[in-house]
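Asker: I need the structure of the sequence given here:
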Amino acid sequence: MKRDAKRVAYLMNHMEQVDFVGEVVSGVNEGVGEYIIPIEIGSPPIAQHVIMDTGSDLIWVQCQKCQQCHSQFDPIFDPARSSSYTEIPCESSACDRLNGKQDCDREGSCTYRASYADVSESKGTLVFETIVFGDVRILNMAIGCGYMNKGTFGHQAGIMGLGAGPLSLVYEIPVGGFFSYCLPSRDSQVSGSLVIGKEAISTGSVWVPLLSSIKNPSLYYVRMIGLGVGGIRLPISEDIFHLTESGDGGVIIDSGTTVSRFPKVAYEAFRDAFIAQTMDIPRAPGVDLFDTCFNLPNTIDMPLVSFHFWSDIGEVSLVIPPRNFLVVVDNMRTACFAFAPSPASFSIIGNI
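Answerer: Below is the predicted model:
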């Protein structure tokens, strides 16, 4: 408990006014559709690249002596070489913040299990460790040290959870829960950014309130009210996107999902409207989950699409250019409409 008290005191005294600005890069060149954040872990610090994920809470990396590890580009973190590594005991408040998922190993250390929608997972020990994010060094951060990791992590060291739960980086440090991210285009060589702190509040932006679900309190929801193609809002019922009081349905913002998905009725209306405005463009066979693809010439005008939301000032829209939703899938310039039907009643706005 003394360790917990020291941790809180340090954070409050030294970091209350600090903003965190880190680099975000596209994972396309590294074989993943997600976005990657470079961080450093341990003392001395070791470079690790992790997937940015607003749909989960915990930060974790693979650790040496793991029983099951996926292949990664960075050296696997070795706790034995870090002087700041400390395993968290089960009676710690940090272990309590695992939302009932904690367990204890034989030595009384807190263990975790992080599961993801694609059946990927990580199991290991919850530890206090030093991490460097941007130019800021954070002491005694509660992170996962993964010893059994399986799934689609694309050769990255682990996950940076930015969800709304208590072990998220956003809420573990006292910056008021503010954060923003700017994602570069998928094929861009330019970096984007992740900003945590009051600097994340930009002027001149249009704000859409976040909603919460009693079923999934760690996820970020927004009130979407419609979809549009070519400047025309489609006649899709707002009820399709509604988050119910019981926590069903709704629209999730998730940086860890690549392809945006909408319930079947909404998706088909969206797709069909796009096809109707592109009848003069040669079609190509579907690829994987993309059912609408084209043989694109070198230059051609394609219709814009739009997402419509409800905000405190009324209806607002996000207009998306073709380069951000048409994905070239081969060297023959086959490009696909990068949306898909949702397998459930909820929608997901992903990172494309």
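Asker: all strands of the stretch 101-250 of the chain, in order?
Answerer: 103-104, 110-115, 121-133, 136-150, 158-161, 179-182, 192-196, 210-211, 220-222, 224-229, 232-233 (DSSP state E, counting those that start in this stretch).
Asker: Could you list the domains of this structure?
Answerer: Following automatic domain parsing, the chain resolves into domains at 2-200, 210-349.
Asker: where's the spatially most central residue of the chain relative to residue 333, distance?
Answerer: Taking Cα atoms, centre = their mean as the criterion, residue 53 is the residue nearest the geometric centre of the chain, at 2.4 Å. According to Cβ to Cβ, to the nearest Å, residue 53 and residue 333 sit 31 Å apart. In short, each C-beta sits where N, CA and C put it, glycine included.
Asker: can you list the weak-confidence ranges in the stretch 201-350 of the chain?
Answerer: Applying pLDDT under 70 to the stretch 201-350 of the chain picks out residues 201-204, 298-299.
Asker: If we use 50, what do you get?
Answerer: By pLDDT under 50, the stretch 201-350 of the chain has no low-scoring segment.
Asker: Next up, identify which helix or strand residue 62 is on.
Answerer: strand 60-62 (DSSP states H and E).
Asker: Which helix or strand contains residue 265?
Answerer: Here residue 265 sits within helix 264-276, counting by DSSP H and E.
Asker: Quick one: the helices in the stretch 1-150 of the chain, in order.
Answerer: Here the stretch 1-150 of the chain has its helices, by DSSP state H, counting those that start in this stretch, at 2-14, 93-96.
Asker: any idea which of the ones you listed scores lowest on pLDDT?
Answerer: Lowest mean pLDDT of those: helix 2-14, a mean of 39.
Asker: tell me how far stretch 151-163 is from the chain's mean position?
Answerer: Relative to the chain's own centre, stretch 151-163 is displaced by 9 Å; criterion: Cα atoms, centre = their mean, to the nearest Å.
Asker: can you tell me the distance between the two ends of that stretch?
Answerer: 20 Å (Cα to Cα, to the nearest Å).
Asker: Over to stretch 77-92?
Answerer: Across stretch 77-92, the straight-line distance between its terminal residues is 24 Å, by Cα to Cα.
Asker: Going forward, the N-terminal residue is numbered 728.
Answerer: Happy to do that; since the first residue is 728 now, the last one works out to stretch 804-819.
Asker: any idea of the mean pLDDT in that stretch?
Answerer: 94.
Asker: how about it: buried residues?
Answerer: Buried residues in stretch 804-819, defined by neighbour count with 16 or more other Cβ atoms under 10 Å: 804, 806, 809, 811-812, 814-817, 819.
Asker: how far away is the residue nearest to residue 802 when sequence neighbours are not counted from residue 908?
Answerer: Excluding its sequence neighbours, the residue lying closest to residue 802 (Cβ to Cβ, 6 or more residues apart in numbering) is residue 773, at 6.6 Å. Taken as Cβ to Cβ, the spacing of residue 773 relative to residue 908 amounts to 24 Å.
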